[in-house]
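Engineer: With the input below, show me the fold.
(one chain, ligands or ions: 1)
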Amino acid sequence: MQKKVIVIGGGFAGLSAAAYLANKKYKVTLLEASPKLGGRTYSFLDKETNTVLDNGQHILMGCYSETLKFLSFIGAKENFHFQKRLEVNFVKEGFRVLPLKSFTFVYPFNLLIGLLKFKAISLSDRASLLKVFSKLPFLTSDKFSNMNIKEWLEKENQSQNVQDAFWKILAVGALNTNIEKASAKIFIDILKQIFLKGNKAATIVLPKYGLSESYCKNAEEFIVKNGGEIILSEPVEKLIISENQVTEIHSSEKVFLDFDFVISAIPAFALNRIIDDENIFVLPDFKYSSILNIHIWLKATKFPEDFFGLINSPLHWVFNKGTHLNIVISDANELVNKSDEDLIEMVKDEMKKFFLLDSELIIGYKIIKEKRATFIPSNDIIDKRPAQETQIKNLILAGDWVDTGLPSTIESAVKSGRAAAELIIGQISFITLPR
Ligand SMILES: Cc1cc2nc3c(=O)[nH]c(=O)nc-3n(C[C@H](O)[C@H](O)[C@H](O)COP(=O)(O)OP(=O)(O)OC[C@H]3O[C@@H](n4cnc5c(N)ncnc54)[C@H](O)[C@@H]3O)c2cc1C
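Structural biologist: Model prediction:
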């Protein structure tokens, strides 16, 4: 008989779990609290400017193997733009553009030569950077689980300049956390994913359209075409657990009694709210980092490049969409409570310093604050991330925060979604794949 699965949450984790299960002929019902799919990764039409805006610019990388597989699976891969090889334009004050690109040589020499030619840092700093990269294949990340990234970089004799112009940008971009708080262990793991997995792994992948159009639409169509049902605006309010099984799911609209498995694909704080017995789980006390996306509109197009990384600025990335620029500030807990007026003044100052952009060219702005964008991957939390199987026989956890070994990213969410589906389908071996 067809098994029934209820998936709670329609972000990347819930959508991937639902899609993989629906494809295997499970009867899937996905319950999503908000009126739209996508979770922390969605877009909307800003009526004032008639522009489709993402809740935050999202960057995927060539090493996001689970995500790219999922996007292909639901027929959404064409909605993304893939770099042929790594190319990032960094900028210093005075609009000094310093590209970091890999070359046409054979991997890994193409990346190494790219680093050697990266003029944002001195030759001796480049040599010290290469030294770290040459050690990387031999590092066992577990040995660094008591160090933060800053301590590791100091141990590796990385100068302040190479920290500022390379490591901080990479770490804050990948972990949305500053180098004093983030674990060296998880950072070393992702450096291996980015730089040791072939030519494409370090390339940047960007959505061509708004995020919802780029993947939510395809995921929804795929699930429905395969017999699944998606119910929006229906928050789950309570899970009733009896004799180690979820027996009832209470949503805002009704009580669900007829299901074989439940996948929780909601954030940890949301799961805590719907399980009323605190003895069932003790979830880690995640702390979160904010991300600010500041959109500005210009009188005229200013740059030909797609995006820039800023060296030594509170603004981290600028994405160029013609007369519309999307400015990203990660690790923004200290800025998130500032007023819009203060933030836009800061943006105008920095854009002037870095891009020589006259503030009179700016004709409009919009600020989107995501306070709980990602959890902080500190050493005291990463080992407490829960496994996906739980002591409740028919309840499986998914979400970017479960123990995937990855930081709080789309890749972690998708990996957890597929693992949850595979646990139900019975291919438990998937879970033990090397990270
Ligand atoms: C501004 C911003 C920028 C980011 N940039 C990047 C990036 O560049 N690259 C990257 O890889 N990652 C990035 N991330 C992180 C990435 O968005 C997340 O890791 C990923 O989307 C998490 O997916 P998820 O499915 O685990 O959780 P979520 O997306 O949070 O989905 C959970 C879903 O559950 C729903 N829900 C909650 N409670 C209930 C309930 N009781 N009943 C029913 N439904 C419920 C929510 O409404 C939500 O739709 C960024 C995040 C933000 C906010």
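
Engineer: does D258 sit in a helix, a strand or a coil?
Structural biologist: Under DSSP: H, G, I helix; E, B strand; the rest coil, D258 falls in the coil class.

Engineer: residues near it, how many?
Structural biologist: 9 (other C-beta atoms under 10 Å). Quick note: C-beta positions are derived from backbone N, CA and C, even for glycine.

Engineer: same thing with E66?
Structural biologist: Residues lying near E66 (other C-beta under 10 Å) number 22.

Engineer: Hmm, it is touching V414, no?
Structural biologist: Yes: between E66 and V414 a contact is recorded at 4.5 Å, counting by C-beta atoms under 8 Å.

Engineer: Mind listing the shared neighbours of the two?
Structural biologist: Residues touching both E66 and V414 (C-beta atoms under 8 Å, 6 or more residues apart in numbering) are S16.

Engineer: What values do phi and psi take at L397?
Structural biologist: phi -100, psi 140 (degrees, to the nearest 10).

Engineer: my read: P267 touches A373, true?
Structural biologist: No: the criterion here is C-beta under 8 Å, and P267 misses it with A373 at 11.0 Å.

Engineer: where exactly do the helices run in the chain?
Structural biologist: Under the criterion DSSP state H, helices of the chain are mapped to 12-23, 65-73, 109-116, 123-135, 149-155, 160-162, 168-175, 184-195, 211, 217-225, 268-274, 340-355, 379-382, 410-425.

Engineer: hmm, the second one in reach of the ligand?
Structural biologist: No: applying C-beta under 6 Å from any ligand atom, one finds helix 65-73 separated from the ligand by no less than 7.7 Å.

Engineer: could you check the angle helix 184-195 makes with that helix?
Structural biologist: Put simply, helix 65-73 runs at 50 degrees to helix 184-195, going by axes from the mean of the first three to the mean of the last three C-alpha atoms, to 10 degrees.

Engineer: Then the fourth one?
Structural biologist: Interaxial angle, helix 123-135 versus helix 184-195 (the same axes, to 10 degrees): 90 degrees.

Engineer: other SSEs contacting helix 123-135?
Structural biologist: If you count contacts as 3 or more C-beta pairs under 8 Å, 6 or more residues apart in numbering; DSSP states H and E, helix 123-135 packs onto helix 109-116, helix 160-162.

Engineer: For the helices of the chain, which has the smallest mean pLDDT value?
Structural biologist: Lowest mean pLDDT within those: helix 109-116, a mean of 75.

Engineer: That one packs against which elements?
Structural biologist: Right, helix 109-116 is packed against strand 96-101, helix 123-135 by 3+ C-beta pairs under 8 Å, 6+ apart.

Engineer: out of the ones you listed, which comes closest to I425?
Structural biologist: Nearest to I425 among the helices and strands packed on helix 109-116 is helix 123-135; the distance by C-beta to C-beta comes to 38.9 Å.

Engineer: buried ones in that closest one?
Structural biologist: By neighbour count on 16 or more other C-beta atoms under 10 Å, the buried set for helix 123-135 is 125-126, 128-129, 132.

Engineer: ditto for stretch 2-20
Structural biologist: Buried residues in stretch 2-20, counted by 16+ other C-beta under 10 Å: 5-20.
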